[in-house]
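J.: just need the structure, nothing else, for what follows:
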Amino acid sequence: MRCAIAAKQRARLCDNLMPLRYVIDKERRLVISTARDRVTFAEIKAHQDQLLQDSEFDPEFNQLIDTTAVTVLDVSVEEAKTLARRRMFSQTSRRAFLAVSPSIFGMGRLMEVYHHEQSQIYVFYDLRSALKWLGVEALT
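T.: Residues are numbered from 1 along each chain as shown. This is a model prediction of the structure:
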């Protein structure tokens, strides 16, 4: 889904339409990806593609993937493997997958298993633990 509107309005309106968005925090060397509602394989792949094309993106950064507002993760096991195997971040990058739903947490663990050689990824139930592992004190 692409918003075909003026650039000034795009970010604000797309945030309301898209189930996935990200912010690149250069100071913390952190990509914060957030997801909400129903999320599909195609939407996650498009999110990854957009991030890779962003001139601000640095594969050496760490990432927080916040899925706490996701109600349905519409991704098959094979699709999860495909997403996990994409090379986006460096081997030294840390990626924290935050989930509160047991089923989404389980999918995160599956992605962790298939992703182990590309960068460090761990799944967390709570934000404090995820941020601590990423070396970030708090999000403001």
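J.: mind checking the end-to-end distance for stretch 107-122?
T.: 12 Å (CA to CA, to the nearest Å).
J.: list the contacts of that stretch.
T.: Outside stretch 107-122, the residues that touch it by CB atoms under 8 Å, 6 or more residues apart in numbering are 65, 67, 73, 75, 77, 80-81, 83-85, 87-97, 99, 123, 130, 133. Just so you know, the C-beta spots here come from the backbone N, C-alpha and C atoms, and that holds for glycine as well.
J.: quick check on these: which are buried?
T.: Among the contacts of stretch 107-122, those buried by neighbour count (16 or more other CB atoms under 10 Å) are 65, 67, 73, 75, 80, 83-84, 88-89, 93-97, 99, 123, 130, 133.
J.: where helices are concerned, which of those residues count?
T.: 80, 83, 84, 130, 133 (DSSP state H).
J.: could you list the buried residues of the longest strand along the chain?
T.: If you go by DSSP state E, the chain has its longest strand at strand 62-74. The neighbour-count check on strand 62-74 (16+ other CB under 10 Å) flags 62, 63, 64, 65, 66, 67, 70, 73 as buried.
J.: please apply the same query to stretch 19-29.
T.: 19, 20, 21, 22, 24, 25, 28.
J.: would you confirm that the first one contacts residue 34?
T.: No - when contacts are counted by CB atoms under 8 Å, residue 19 is not listed as touching residue 34 (9.2 Å).
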